[in-house]
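Student: structure of the sequence below:
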Amino acid sequence: MPKVSSKRQITLPADQCRLVGIEPGDECQSFVADGRITIIRQEPGIAWGCRAHLEGDPTVSEEESRQDAIEGKREQTP
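Tutor: Below is the predicted model of the structure:
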């Protein structure tokens, strides 16, 4: 059973990595839901299809957009 190191690192079992296609050097993401941590392999370009239809607003700077998102000012359009 893997243990968490003092640096909060965990060694994933090789057989589990093989099952899901995680190789040395792969980038992974983790998230918490229902009190559990889930780890997934990051696939390059996977989000491209999700945001391909989105266009930026050239009248809004990156800083303004970031601040609006933090403050929840801008309305989302479907």
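
Student: what's the following helix or strand after the helix or strand of the chain with the lowest mean pLDDT?
Tutor: Least confident helix or strand, the chain: helix 48-51 with a mean of 62, by mean pLDDT, DSSP states H and E. Note on helix 48-51: by DSSP states H and E, the next helix or strand toward the C-terminus is helix 62-71.

Student: let me see the contact set for the residue most central in space within the chain.
Tutor: In the chain, the residue lying closest to the centroid (C-alpha atoms, centre = their mean) is Gln29, at 5.0 Å. Contact partners of Gln29, counting by C-beta atoms under 8 Å, 6 or more residues apart in numbering, are Ile39, Ile40, Gln42. The C-beta positions use only the backbone N, C-alpha and C, and glycine is treated the same way.

Student: please flag which of these sit within helices.
Tutor: Of the contacts of Gln29, none are assigned to helices by DSSP state H.

Student: most neighbours, which of these?
Tutor: Counting neighbours by other C-beta atoms under 10 Å, Ile39 comes out on top of the contacts of Gln29 with 14 neighbours.

Student: check the gap between the residue located most distally from the centre of the chain and Gly25 for me.
Tutor: The outermost residue of the chain relative to its centre, with distances by C-alpha atoms, centre = their mean, is Thr59 at 27.9 Å. Distance of Thr59 to Gly25, given as C-beta to C-beta, to the nearest Å: 41 Å.

Student: any weak-confidence spans in this protein?
Tutor: 45-52, 73-78 (pLDDT under 70).

Student: and Pro24, that one's in a strand?
Tutor: No. With DSSP: H, G, I helix; E, B strand; the rest coil as the criterion, Pro24 is located in coil rather than a strand.
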